[in-house]
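K.L.:
predicted model follows, preceded by the sequence.
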Amino acid sequence: MPLDSDTAQLKMTAEEVTCYLDEVFPQRHLGGPPVHIEALRPYGATLRMTFEERFLRPGGTISGPAMFMLADVGLYVAVLGMIGPVGLAVTTNLSINFLRRPKQCDMIGEVELIKLGRRLAVGEVSLFSEGESALAAHATGTYSIPPDR
């Protein structure tokens, strides 16, 4: 069950998170930044992975590693939005279930944090092909948050 977002306050805006990612992950611009924050809200985010041929696997579908990246970045964005610019918040677990073949188009990641504690954040990401309502993949993940933030 998602956390109650009625009283929660973001510590960073979508623009601030994007600037922070540009600063600490400059390599994300190699070939252009494929993941964009469309919305950032308390305990959640919506991200878009722009379709590019480099994300295709044999058979003409979006590759698992590309979807994994979208899920991981999505969780990181949601966590940063809530705790601020903590560079050493790191993925400790990410599990993904591939449910159906995604189309050759942008992918949308809908992120919801389920738990946000002092040391751990747990969330889920629903991945869709743009314009589709059926899930292409579903991921759950845990982030470790350093104690001195």
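P.N.:
Structure's in. What do you need?
K.L.:
for the protein, give me the ranges with low pLDDT.
P.N.:
Across the chain, residues meeting the criterion (pLDDT under 70) sit at 1-7, 31-33, 149.
K.L.:
could you pull out the helices in it for me?
P.N.:
Under the criterion DSSP state H, the chain contains helices at 14-24, 64-83.
K.L.:
which one of the ones you listed is the most hemmed in?
P.N.:
helix 64-83 (a mean of 23; mean count of other CB atoms under 10 Å). For the C-beta atoms, the positions are set from N, CA and C on the backbone; glycine is no exception.
K.L.:
show me how far that helix is from its chain's centre.
P.N.:
Helix 64-83 sits 2 Å away from the centroid of its parent chain (CA atoms, centre = their mean, to the nearest Å).
K.L.:
any idea of the angle it forms with helix 14-24?
P.N.:
Per axes from the mean of the first three to the mean of the last three CA atoms, to 10 degrees, the angle that helix 64-83 makes with helix 14-24 is 120 degrees.
K.L.:
and the closest residue to Thr18 other than its chain neighbours, bridged to which residues?
P.N.:
In space, and not counting its chain neighbours, Thr18 is closest to Ile37: 5.8 Å by CB to CB, 6 or more residues apart in numbering. For Ile37, the beta-bridge partners are Leu47 (DSSP bridges).
K.L.:
for Ile37, give me its contacts.
P.N.:
By CB atoms under 8 Å, 6 or more residues apart in numbering, the contact set of Ile37 is Ala14, Val17, Thr18, Ala45, Thr46, Leu47, Val77.
K.L.:
among these, which pair sits farthest apart?
P.N.:
Thr18 and Thr46 (13.5 Å; CB to CB).
K.L.:
can you put the helices of the chain in a markdown table and add distance to Glu130?
P.N.:
Shown next, in a markdown table, are these (distance: least, CB to CB, whole Å):
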| stretch | distance to Glu130 |
| --- | --- |
| helix 14-24 | 19 |
| helix 64-83 | 12 |
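K.L.:
for those, which one sits closest to Phe128?
P.N.:
helix 64-83 (10.5 Å).
K.L.:
so what's the backbone phi/psi at the residue in the chain sticking out farthest from the centre?
P.N.:
Distance from the C-alpha centroid of the chain peaks at Gly59, with 25.2 Å (CA atoms, centre = their mean). Taking degrees, to the nearest 10, you get phi 100, psi -10 for the backbone angles of Gly59.
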